[in-house]
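In: 3D model of this:
(chains A, B and C)
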Amino acid sequence: MPELPEVETIRRTLAPVLVGRRILAAALLRRDVLIAPGDPRGGFSRQRGATRRDHPASDATRVRPARPVPVAPVDLLEGCTVTDVLRRGKQLAIVGAGPAGTPGRAREPSSRALVVQLGMTGALEALAPGAANGEHARRAGAADAASPHVHARWELEPARGRPGTMVFIDPRRFGCLRAVPTLADLDALWSSLGPDALEIDGPRLWEALRGSRRPVKAALLDQAVLAGVGNIYADEALFRAGVPPRKLAARLGPRRAADLAAAVRGVLAEAVEARGSTLRDYRDAAGRAGEFQSRHAVYGRGGEACTRCGGVLRSAVVAQRTTVWCPRCQR
DNA sequence: CTGGTCTCCTGATCGC
DNA sequence: TGCGATCAGGAGACCA
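Out: Sure, this is the predicted structure:
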């Protein structure tokens, strides 16, 4: 489940593959994965019932369209040269210039972006030539371009020693792609997110928490409050800061908010260093697993011993999420 | 406006 | 061996 460290790891492994290269062709294999400009969907989730309308067949026969669905090619950056791969919170933006020679804009190729939200099981993977041809990938965990869960595919301008194909894979389809026509639109989209969690400081976190009567864990998971934290790193940060997940955000106080901000930064930075946590699906753009999962202190360890005090870790649902904490160390 | 609940989706796992 | 139930959860829609 990609949270900030996993998305940042994908960004770092993807940028060297993409930046400076032109996207020769892009194909969308499942329409409802893309949010195009003008789409009434404000957010990132697919329209209610859209799947059923697009695929009236029963579940048993509902399969991915055999051919790409029609879409404005430039929405998927076809013809553009990638200039940057950005991240805010859990969202990635692949920034492209061009395509060159757009009518009416003779001189400067305009910049646009494709924003990728990975959701639960989403991944962007750069494929080695063999895998891109649909052959079964040798490397364990590597994507297969023929997988029914590949929803979009990009062919890149050839470059020596670099993968020539990128795919968007997402079995659960909680993720999606969003076509963003200008950089101003990208700013507008990202202005609805809170500050990036990797750079959160005490005063800013306290400012965001002090007016909230929610449990502090619910506030941490709110991307408008803080961008990038999901269930795993929320629990880890709360443990490090010694804050009980159900404590009301507004009652934290500025000092403990500063402790929590430092814990959020610390755990995320360490996780980035370890290239993220792989529980099941997550891989970076080269298909490699992360290693931070072996260092989780509380996530997934309900009923086991606290690494700090040896007591039994407690597990309960907080903010609609399974939550694990140490009742003795977090009070 | 706020916070809590529902919903989307597939695959892994478990009990029988 | 098969099969239904359960769980995982990011985040928008919806509702009190």
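
In: from here on, contacts and neighbour counts on C-alpha atoms
Out: OK.

In: is it true that A:Ala123 touches A:Ala285?
Out: Yes. Between A:Ala123 and A:Ala285 there is a contact under Cα atoms under 8 Å: 7.5 Å.

In: Show me which of the two is the more surrounded one.
Out: For A:Ala123 versus A:Ala285, the count of surrounding residues by other Cα atoms under 10 Å is larger for A:Ala123: 29 against 25.

In: which residues sit in contact with the more buried one?
Out: A:Ala123 sits next to A:Phe168, A:Ile169, A:Asp170, A:Tyr282, A:Arg283, A:Asp284, A:Ala285 when contact means Cα atoms under 8 Å, 6 or more residues apart in numbering.

In: Could you give the bridge partners of it?
Out: A:Ile169 (DSSP bridges).

In: how long is stretch A:82-94 end to end?
Out: Using Cα to Cα, to the nearest Å, the gap from the first to the last residue of stretch A:82-94 comes to 7 Å.

In: Mind listing residues that contact it?
Out: A:2-4, A:7-8, A:11, A:14-15, A:18-23, A:95-97, A:113-118, A:190, A:193, A:195-197, A:223, A:226-229.

In: Likewise for stretch A:322-331?
Out: For stretch A:322-331, with Cα under 8 Å, 6+ apart as the criterion, the contacting residues are A:231, A:235, A:238-239, A:241-245, A:298-302, A:306, A:308-309, A:311-317.

In: ok, 6 Å please
Out: A:Gly242, A:Val243, A:Pro244, A:Val298, A:Tyr299, A:Gly302, A:Leu313, A:Arg314, A:Ser315, A:Ala316, A:Val317 (Cα atoms under 6 Å, 6 or more residues apart in numbering).

In: next structured bit after the helix or strand bottoming out on mean pLDDT in chain A?
Out: Ranked by mean pLDDT, DSSP states H and E, the helix or strand of chain A with the weakest confidence is helix A:50-54, at a mean of 35. Tracing the chain past helix A:50-54, the next element assigned as helix or strand by DSSP states H and E is strand A:81-88.

In: Establish whether that next one and DNA strand C are in contact.
Out: No. Interface with DNA strand C: strand A:81-88 contributes nothing (Cα under 7 Å from any atom of the strand), its closest point being 10.0 Å away.

In: next structured bit after that strand?
Out: Note on strand A:81-88: by DSSP H and E, the next helix or strand toward the C-terminus is strand A:91-97.

In: what separates that following strand from the chain centre, distance-wise?
Out: Centroid separation for strand A:91-97 versus its chain: 13 Å, with Cα atoms, centre = their mean, to the nearest Å.
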